[in-house]
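Asks: Give me the fold of what follows.
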Amino acid sequence: MNRLTAFALTAALTAGPAFADSDAGFGLAGILSASNKEDLPPITLSAGMPLSDAPLSLKSGTYYEIEIEADGSQELALVGAEFFRAIWIDEIVIEGLEIRPLGLDSVEFDEAGVMEIGFLAIKPGRYTLRVPGSTGETQRLEITIE
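Replies: Here you go, the predicted model:
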């Protein structure tokens with residue numbers, strides 16, 4: 001083994017415990033550790049019903065999981081390209097199938113079902129998820145990333 005390879009291997013092996021003891025407070029999984037995860041209240045897709053009870057306030061650098069539930073009363077979608085570009089989507093789970101997309105523009109339910117999205121909030125700002133073609137305030141969900 002040459003000297004450079006030996007040095008790199010030694011540095012990599014000794015860096016692990018130092019990171020675990022860092023001031024960040026996260027475990028070896030870093031920002032994806034359980035201590036940095038928060039469950040959000042679900043979004044409900046139902047004809048004529050509000051999407052959510054209140055706006056969402058998120059913290060940049062925190063991992064969130066949210067369920068989107070559709071009751072099948074109508075074919076409904078959620079659009080919010082700006083929001084989806086302000087987060088890093090870890091996975092989308094639908095009926096036990098895990099999808100790891102590169103990006104997202106919208107989601108749509110043709111029938112009743114549940115979708116869970118796990119994501120990391122990144123870019124601070126104010127964003128909106130909304131039912132396309134709707135004008136009512138209850139068909140919008142305001143999201144702030146601090």
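Asks: Please name the nearest non-neighbouring residue to the spatially most central residue of the chain.
Replies: Here the mean C-alpha position of the chain is nearest to the C-alpha of residue 119 (Cα atoms, centre = their mean), at a distance of 2.1 Å. Leaving aside its sequence neighbours, residue 119 sits nearest to residue 87 (Cβ to Cβ, 6 or more residues apart in numbering; 4.4 Å). All C-beta spots, glycine's among them, are computed from the backbone N, C-alpha and C.
Asks: Who is the one you found paired with across the strands?
Replies: Assessed by DSSP bridges, residue 87 has beta-bridge partners residue 121.
Asks: show me what contacts it?
Replies: Neighbouring residues of residue 87 by Cβ atoms under 8 Å, 6 or more residues apart in numbering: 119, 120, 121, 122, 123, 145.
Asks: separation between it and residue 61?
Replies: 11 Å (Cβ to Cβ, to the nearest Å).
Asks: again with residue 55
Replies: For residue 55 relative to residue 61 (Cβ to Cβ), the value is 20 Å.
Asks: Number of residues surrounding the closest residue in space to residue 132 that isn't next to it in sequence?
Replies: Leaving aside its sequence neighbours, residue 132 sits nearest to residue 79 (Cβ to Cβ, 6+ apart; 5.0 Å). For residue 79, the neighbour count with other Cβ atoms under 10 Å is 17.
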